[in-house]
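> Structure of the sequence below:
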Amino acid sequence: MFIRKTRKAYRGKSYTNYVLVESVRTAKGPRQKIVCSLGSLEPAPREHWRQLAHKVHAALGEELALEPAGATARSIADKVQARRARSVPRTGREDTVIGVDTSRVEVEDPREAGAVHVGHQMWRRLELDTILQQAGLRLRPRLLTEAMVLNRLIAPRAEYSMPDWIRRTALADILGVEFTTLNEDALYRNLDKLHPQRERIEAELAEHEKTLFNLDDTVYLYDLTSTYFEGAMHRNPQAKRGYSRDHRPDCKQVVVGLVLNRDGFPKAHEIFDGNRQDRTTVNDMLDALERRCGKRLGATVIVDRGMAFEENLTQIKARGLHYVVAGRQPERNAWLDDFEDDQGFEEIVRLPSPRNALQKKTRVVIKRCERGDEVYVLCVSDGRKEKDRAIREKHEARLLRDLTRLAERIGQGHLKDPAKIHQAIGRLKERYPRVARYYAVDFDADQARLVWTENAAKKAVAAKLDGSYVLKTDRRDLTAEEIWRLYILLTRVESAFRSMKSPLLERPIFHHLQRRTQTHIFLCVLAYHLLVAIEKMFLDHGEHTSWWTLRQQLADHQLVTVVLPTTDRGTLRIRRPTNPGPRHRQIYSTLAVPEDIVKPIRTWTEPDL
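Residues are numbered from 1 along each chain as shown. Next up is the predicted model:
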């Protein structure tokens with residue numbers, strides 16, 4: 001053995017270190033091996049280095065000691081022995097039983113792990129990594145896509161704050177990837193890589209889910225929602241002002257169309273211009289559905305009254321599909337005599353949906369009628385009756401208030417031009433279409449005043465029809481109850497939109513580019529795939545719960561590093577999950593995911609001299 005002095009330059013500074021070296025024999029001849037580092041402090045005068053090395057060699061018991069080793073040689077020998085002990089594989093009690101200084105035990109680097117673990121396991125269950133790989137995405141984009149989708153599922157953030165969230169969770173430990181240098185620019189670029197592959201990914205995912213969960217593809221539920229932007233959105237041609245379902249008419253928006261199967265799993269989605277009318281989207285959505293799922297002759301499409309125009313039904317039938325739709329208001333009025341005839345109605349009790357614990361049990365009476373090639377179902381709901389009356393009375397009060405204000409403006413001379421007055425009347429009729437038909441409004445130019453009269457007969461008809469609605473279908477093989485139960489499945493699309501907007505925080509959108517807006521919504525749809533798969537597995541086990549509740553319950557299952565300073569061998573750090581609680585175990589068991597989030601990782605740190 002001998003001592004060697006080394007120097008290393010770093011950033012213009014020179015650093016000195018001393019190492020203990022020994023010669024060893026190898027197959028390629030003698031080689032020099034560093035036994036241990038002695039640090040930057042010179043161990044002895046240079047002329048004594050050889051003698052000190054011999055004393056260390058002797059203290060290690062490798063040759064007969066001719067004189068006492070001395071304190072310095074003894075401490076170096078102890079360090080060498082400790083290092084050699086760690087280099088030998090430990091088995092049995094030598095690996096698990098150590099002396100620990102309990103006063104210095106610490107826990108560091110805690111990270112949320114439970115919800116991330118469940119999300120990652122469901123990602124694997126749906127084989128999304130394989131689907132992304134088949135779509136041409138390399139490993140890094142696939143990992144970033146998973147991280148972004150899990151963020152939307154667990155704690156939605158804008159892309160600029162996602163990296164901090166990722167580093168605060170156990171995602172790096174679970175995926176085995178280091179996210180230390182990750183920034184938002186990498187996530188924006190990943191959106192651009194993902195954008196061209198959205199349709200292919202959605203199609204393959206829907207096909208895999210159909211096999212995995214044994215899903216029924218004979219019923220398609222289609223509905224629309226809107227989601228708004230923050231900003232002027234000059235660079236996104238789809239961002240336009242239109243009918244806002246978010247009650248934000250001041251913001252530009254896009255319209256999102258979503259098709260689900262009867263189990264609530266997404267089959268296809270499309271992004272439309274913000275001012276697109278519902279009725280004009282049906283044909284485009286059917287095209288998208290065929291591209292994702294192929295032709296499904298004989299399947300039934302269910303849509304709401306906003307897409308129940310004759311041209312929409314023709315588009316559906318032209319593709320070999322059936323339909324169940326809610327009739328529009330004028331159609332309902334034509335059935336007044338049948339609604340007043342109590343004969344032929346049967347009572348159905350609608351139980352609360354397992355997916356909506358706040359929903360109340362409601363009573364509905366229905367009657368089946370046939371006209372031509374179509375079957376009509378007349379429905380009267382007690383719960384809807386009160387709602388219809390309240391909405392009608394509220395709109396009527398607002399209409400009368402605005403008519404009074406307009407009349408005051410005319411009477412005070414603030415508005416004189418007859419053309420502008422008629423325009424104001426037209427705007428009021430457009431604003432309150434539900435109740436404007438009960439009033440005849442006109443401008444008396446001779447007396448320069450606004451007059452309106454109530455049509456009592458029409459208003460009485462409306463009062464009689466409160467709580468009633470009409471369903472129609474071209475399927476003559478179904479009973480009235482079967483038709484009605486098919487139609488109420490449409491509430492699952494509404495539930496999907498609520499989930500995407502609330503726990504998944506689809507809105508508001510801050511992206512200024514059309515492709516990134518579309519990919520942002522696509523990530524929300526992927527997150528909803530995970531959400532609905534998780535909730536379905538709980539429903540299949542008879543437990544009615546929501547993902548929002550589950551992620552709160554999983555929040556305190558963490559991954560930590562336990563720091564164990566030993567009495568003689570340095571410090572042992574064990575990276576491991578905390579023990580799962582009873583509720584954690586129940587969730588993991590229901591979802592059939594392992595309780596062990598990651599395998600414990602042991603790391604030794606050398607003791608200080």
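> L321 against L297, yeah?
Yes. With contact defined as Cβ atoms under 8 Å, L321 reaches L297; the gap is 7.5 Å. Glycine gets a C-beta too; all of them are placed from N, C-alpha and C.
> Neighbour count: those two, which is higher?
Legend: neighbour count by other Cβ atoms under 10 Å for L321 and L297, higher for L321 (19 against 8).
> Give me the phi and psi for the more buried one.
Torsion angles at L321 (phi, psi; degrees, to the nearest 10) stand at phi -110, psi 160.
> Quick one: residues contacting it.
Contact criterion Cβ atoms under 8 Å, 6 or more residues apart in numbering gives 286, 296-301 as the residues in contact with L321.
> And for V364?
Going by Cβ under 8 Å, 6+ apart, V364 touches 347-350, 379-382, 484.
> between these, which has the most around it?
Tallying neighbours with other Cβ under 10 Å puts C379 at the head of the contacts of V364, with 24 neighbours.
> Could you verify my assumption that that one touches R368?
No. Taking Cβ under 8 Å as the contact criterion, C379 and R368 are not neighbours in contact, 10.5 Å apart.
> Could I get the contacts of L321 in a markdown table, plus columns for distance to R241 and pLDDT?
Conversion of the contacts of L321 to a markdown table gives the following (distance: Cβ to Cβ, whole Å; pLDDT from 0 to 100):
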| residue | distance to R241 | pLDDT |
| --- | --- | --- |
| L286 | 27 | 95 |
| R296 | 36 | 88 |
| L297 | 39 | 90 |
| G298 | 40 | 92 |
| A299 | 35 | 94 |
| T300 | 34 | 96 |
| V301 | 29 | 96 |
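> want to throw those into JSON lines with distance to R498 and secondary structure?
Supplementary listing: the contacts of L321 in JSON lines, determined by distance: Cβ to Cβ, whole Å; DSSP: H, G, I helix; E, B strand; the rest coil:
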{"residue": "L286", "distance to R498": "25", "secondary structure": "helix"}
{"residue": "R296", "distance to R498": "27", "secondary structure": "coil"}
{"residue": "L297", "distance to R498": "32", "secondary structure": "coil"}
{"residue": "G298", "distance to R498": "31", "secondary structure": "coil"}
{"residue": "A299", "distance to R498": "25", "secondary structure": "coil"}
{"residue": "T300", "distance to R498": "24", "secondary structure": "strand"}
{"residue": "V301", "distance to R498": "22", "secondary structure": "strand"}
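> Residues in contact with the helix or strand hosting A496: which ones?
Assigned by DSSP states H and E, A496 belongs to helix 491-501. Around helix 491-501, the neighbours that count as contacts under Cβ under 8 Å, 6+ apart are 221-223, 225, 227, 246, 256, 258, 260, 262, 264, 266, 353, 355-356, 506-507, 524-525, 527-528, 531-532, 547.
> Low-confidence stretches in the stretch 301-450 of the chain?
By pLDDT under 70, the low-scoring segments of the stretch 301-450 of the chain are 351-361.
> all strands for it, in order.
Counting by DSSP state E, counting those that start in this stretch, the stretch 301-450 of the chain has these strands, from start to end: 322-326, 346-350, 362-371, 374-381, 439-444, 449-454.
> what's the most buried one of the ones you listed?
Comparing the strands of the stretch 301-450 of the chain by mean neighbour count (mean count of other Cβ atoms under 10 Å), strand 322-326 ranks first with a mean of 23.
> Nearest spatial neighbour of L378, chain-adjacent residues omitted?
The spatial neighbour of L378 that comes closest, neighbours along the chain excluded (Cβ to Cβ, 6 or more residues apart in numbering), is K367 at 4.5 Å.
> my bad, should have said T180
R167 (7.2 Å).
> Kindly report the same for R235.
Sequence neighbours aside, H512 is the residue nearest to R235 in space, at 4.9 Å (criterion: Cβ to Cβ, 6+ apart).
> now swap in Y438 and tell me
Ranked by Cβ to Cβ, 6+ apart and with sequence neighbours excluded, the top spatial neighbour of Y438 is K459, at 4.5 Å.
> which parts of the helix or strand containing that neighbour are buried?
Using DSSP H and E, K459 maps to helix 456-464. Residues of helix 456-464 classed as buried: 459, 462 (neighbour count, 16 or more other Cβ atoms under 10 Å).
> That helix packs against which elements?
Judged by 3 or more Cβ pairs under 8 Å, 6 or more residues apart in numbering; DSSP states H and E, the packing partners of helix 456-464 are helix 336-340.
> Relative to N261, how far out is A496?
Computed with Cβ to Cβ, to the nearest Å, the distance linking A496 and N261 is 11 Å.
> and if you look at R157?
Using Cβ to Cβ, one obtains 30 Å as the distance from R157 to N261.
> and the nearest residue to L505 once chain neighbours are set aside, what helix or strand is that in?
Across the structure, with Cβ to Cβ, 6+ apart as the measure, the residue nearest L505 apart from its sequence neighbours is P156 (3.6 Å). Secondary structure assignment for P156, by DSSP H and E: no helix or strand.
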